[in-house]
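Chemist: The sequence isn't on hand, but the structure is:
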């Protein structure tokens, strides 16, 4: 089966939905399809809790776009491209107001303006929020507006490949999950908005089960480079047992981090910003405390306490209701009465598809949001900047796609592309195969967590690379046990694992190569930032035989030049 | 860590190979603190790779993993195995797909009817601001206006209320609770301009007035949204906007009038007042059957002895309504969706 559209958007989180909305608003005559492996409102944007940054000046009247740019560039450890950051922060006030205009229910100050709270790594309080369910409300608002505009959705379609002819976009090949039919979408313009890949850390990740980097893997296989893959953000406050997230808003509202001596240890690491230091610094500080024996011990591992009790029952109920619910469900702890046991958890992928202002190396292919590396987050993303990223670049890609689509010729997808995918899927069921999905995936999570975690060193990184490459080899013998064609989730698991393993090899290889410490990438053997040798973006490309080749690309500088980063 | 052997009795159905659905039993050792979803994952990875269910965020915010656990619709990811064990020592947990939706395979149901109904019922804000002026200014919204829609905007479209709804069980065309929650949320948003059209749409056939007040939607909402309050509020809004020309509205009005006037229902004329002369003709066979069984309502209904006290209740309700309109105080626990108005006519 073949579909034809002017624009195909892969992914229905905030980035994909805003792109769709903007495309139909810009040019109502273009046909737009949104393809998603989950129903739109289930996308991982819904899990973003804390908020979205914009220099509205509702709280701190003297806040400016420029200060937002500075915080973001400094937060990125000077690896962000400053042209993209300026665009991001410059557009922030208008996209946040636009979402408000479209019905997003933001929390309010007494004067009725959008409320703002402090967030990590910023000099002003500029994080706009809706209690601790900001992403959920933005996602629903965008979905509702897409329904209103009659956007066409293909729900539960899985991306198999991105097709292009010598650099001109042809479309995508997908798997209809309900029927297991392989269906091609011919389109001169494709926007990839497939979300992040931090689930490769599996149990040590706050991510949804499906954050497997499907768009990044498809781009990599299509010859588009991936950028800055070594930079994985560990969020300081994951719940001890599940890795599920406790929003930075909990510290934004005044929560304390305590070690087992009852000490607010951040005083030794970030005396000015304390608990509201940037995420990389806070996560490392917590890990150091645990390594040095200052953490709490339990059957479920060592942990640090996040204490909210002094905020009072009313503030917790009103501003952090979801956190209270999660703590009670998953740790059996009510934060009104007890501190929450937390430890850092893999949370966000700064790296992704190499894109400049959302445009990739293939003409007609855009990439936005966490799957892309624009790069506005550099080596470390600030809390409240990821929702902003998807809104700003989702909107921009949608607008440009709508302008570009009528000018571009629709090139068909060669039948070989569909047949090739069908052969590959059939081969998974070959009875001579014996490797099991569950085992390979467990080993991948462990290999990444043990060797490519918060603290990195050459020996462990080499081991990590070897283990991941060995797992990629074993994947060739993976067995699909479910051979049915109706809603085959076993098949989807295998396809997702393939994507994660390809991307994990990029993460491990670039982490081994980068011999310096910058942002979230901390090398015990190279503990300093080395601007002379490493003020560069890393690039990964895939060779024909599947090997990963590394390269580099300069960082686009702007108003702010390199400085030491302290908080 | 405490461990127990637990049996999971799981609904299975693959339309490709199974003529009828059946139940599969899986016995596994489970640690205390494990969720139903983790148990399902364990079974899929170690015992039966073909077991089919949806799951995504694992944190109770995406709504993918709603299933029926021991007969009740819940999120598998936030439900603890321990909380589902009976006290009898024989630990079996029954897992089935959501009700009122077609089963695609095993625990996966087709949720497109929910999506279609959302679309049919204008489940979006139509902003007052024209497109070209978007993003320039924010609306000024009071905390009260925000609170009015706060709880309703928690809905994650998990489908639990859809599955529990008594009306859905007899009529799949019924608008359904999640769509009514959205309608309530939009109609009470001070920035929306579509309230009238939306209310007209949701109160048409199989709509707002078909709710049977069983409260199961609200009882089983995974996000504790007071859904019934929203439905009541929409009905009141229909009266406030003078949308009284529907069977449902006339039916409610007839109840309200009868109780006020005589303290009980005047059943004989109720169909006439609800459905009108022509519509009531369809009721004749039923009336005849009832008559043959000796179930005839009295033709003449006398006021009940204490009708004065009923009148007093009505006047008190009227007064409390006026008070409530002036000040709405969110109480503790569940955030009320609206001031506690009584349901009824003008």
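Modeler: Cool, the structure landed. Source: prediction; values computed, not measured. Numbers count the residues shown, from 1 in each chain, chains lettered A, B, ... in the order given.
Chemist: chain center to stretch B:48-62, what's the gap?
Modeler: Relative to the chain's own centre, stretch B:48-62 is displaced by 24 Å; criterion: CA atoms, centre = their mean, to the nearest Å.
Chemist: how close does residue B:81 sit to chain A?
Modeler: Remark: distance between residue B:81 and chain A (CB to the nearest CB, to the nearest Å) = 13 Å. (C-beta placed from N, C-alpha, C; glycine too.)
Chemist: And for that residue, the neighbour number?
Modeler: Residues contacting residue B:81 under the criterion other CB atoms under 10 Å in any protein chain shown number 23.
Chemist: Tell me the confidence at it?
Modeler: With respect to pLDDT, residue B:81 has a value of 93.
Chemist: Repeat that for residue B:73.
Modeler: pLDDT, residue B:73: 98.
Chemist: Doesn't it belong to a strand?
Modeler: Yes: counting by DSSP: H, G, I helix; E, B strand; the rest coil, residue B:73 is located in a strand.
Chemist: Residues in a beta bridge with it, which ones?
Modeler: Taking DSSP bridges, one obtains residue B:68 as the residues bridged to residue B:73.
Chemist: Just give the nearest non-adjacent residue to the residue in the stretch 1-150 of chain A that chain B sits nearest to, would you?
Modeler: Residue nearest to chain B within the stretch 1-150 of chain A (CB to the nearest CB): residue A:103, separated by 3.0 Å. The spatially closest residue to residue A:103, leaving aside those adjacent along the chain, is residue B:125, at 3.0 Å (CB to CB, 6 or more residues apart in numbering or on different chains).
Chemist: quick one: contacts for the one you found?
Modeler: By CB atoms under 8 Å, 6 or more residues apart in numbering or on different chains, the residues touching residue B:125 are A:102-103, A:141, A:144-145, B:186, B:189, B:191-192, B:194.
Chemist: A helix includes it, no?
Modeler: No: Residue B:125 is assigned coil when assessed by three-state DSSP, not a helix.
Chemist: Of the contacts of residue B:125, which is the nearest to residue B:179?
Modeler: residue B:186 (10.6 Å; CB to CB).
Chemist: ok, the closest one - contacts?
Modeler: Residue B:186 sits next to A:103, B:122-125, B:192, B:194-195, B:198 when contact means CB under 8 Å, 6+ apart.
Chemist: from what I can see residue B:57 touches residue A:45, true?
Modeler: No: contact criterion CB atoms under 8 Å: residue B:57 and residue A:45 do not qualify, at 10.4 Å.
Chemist: So between those two, which is more surrounded?
Modeler: Shown here are residue B:57 and residue A:45; by other CB under 10 Å, residue A:45 has more neighbours (33 against 27).
Chemist: so the more buried one, which of the three states?
Modeler: Following three-state DSSP, we place residue A:45 in the helix state.
Chemist: hmm, back to that, could you tell me which of the contacts of residue B:125 count as buried?
Modeler: The neighbour count (16 or more other CB atoms under 10 Å in any protein chain shown) marks A:102-103, A:141, A:144-145, B:186, B:189, B:191-192, B:194 as buried among the contacts of residue B:125.
Chemist: Identify the residue nearest residue A:410 in space, chain neighbours excluded?
Modeler: Distance criterion CB to CB, 6+ apart; nearest residue to residue A:410, sequence neighbours excluded, is residue A:188 at 5.0 Å.
Chemist: roughly how far apart are residue B:201 and residue A:418?
Modeler: Computed as CB to CB, to the nearest Å, the residue B:201 to residue A:418 distance reads 42 Å.
Chemist: Summarise which helices and strands the worst-scoring helix or strand of chain A on mean pLDDT is packed against.
Modeler: Every helix and strand of chain A was ranked by mean pLDDT, DSSP states H and E. The lowest is helix A:321-331, at a mean of 88. Where contact means 3 or more CB pairs under 8 Å, 6 or more residues apart in numbering or on different chains; DSSP states H and E, helix A:321-331 is packed against strand A:232-239, helix A:313-319, strand A:340-349.
Chemist: Which one of the ones you listed lies nearest to chain B?
Modeler: helix A:313-319 (8.3 Å).
Chemist: Pull out the buried positions in the closest one.
Modeler: Within helix A:313-319, the residues that count as buried by 16+ other CB under 10 Å are A:316, A:319.
Chemist: again with stretch A:485-494
Modeler: For stretch A:485-494, by 16+ other CB under 10 Å, it's A:486-494.
Chemist: Residues touching the least confident helix or strand of chain A, excluding its own?
Modeler: By CB under 8 Å, 6+ apart, the surrounding residues in contact with helix A:321-331 are A:49, A:131-133, A:239-242, A:244, A:246-247, A:249-250, A:308, A:316-317, A:333-336, A:340-341, B:35, B:59-61, B:78, B:80.
Chemist: switch to 7 Å and redo it
Modeler: For helix A:321-331, the surrounding residues in contact (CB atoms under 7 Å, 6 or more residues apart in numbering or on different chains) are A:49, A:131-133, A:239-242, A:244, A:246-247, A:250, A:316-317, A:333-335, A:340-341, B:59-60, B:78.
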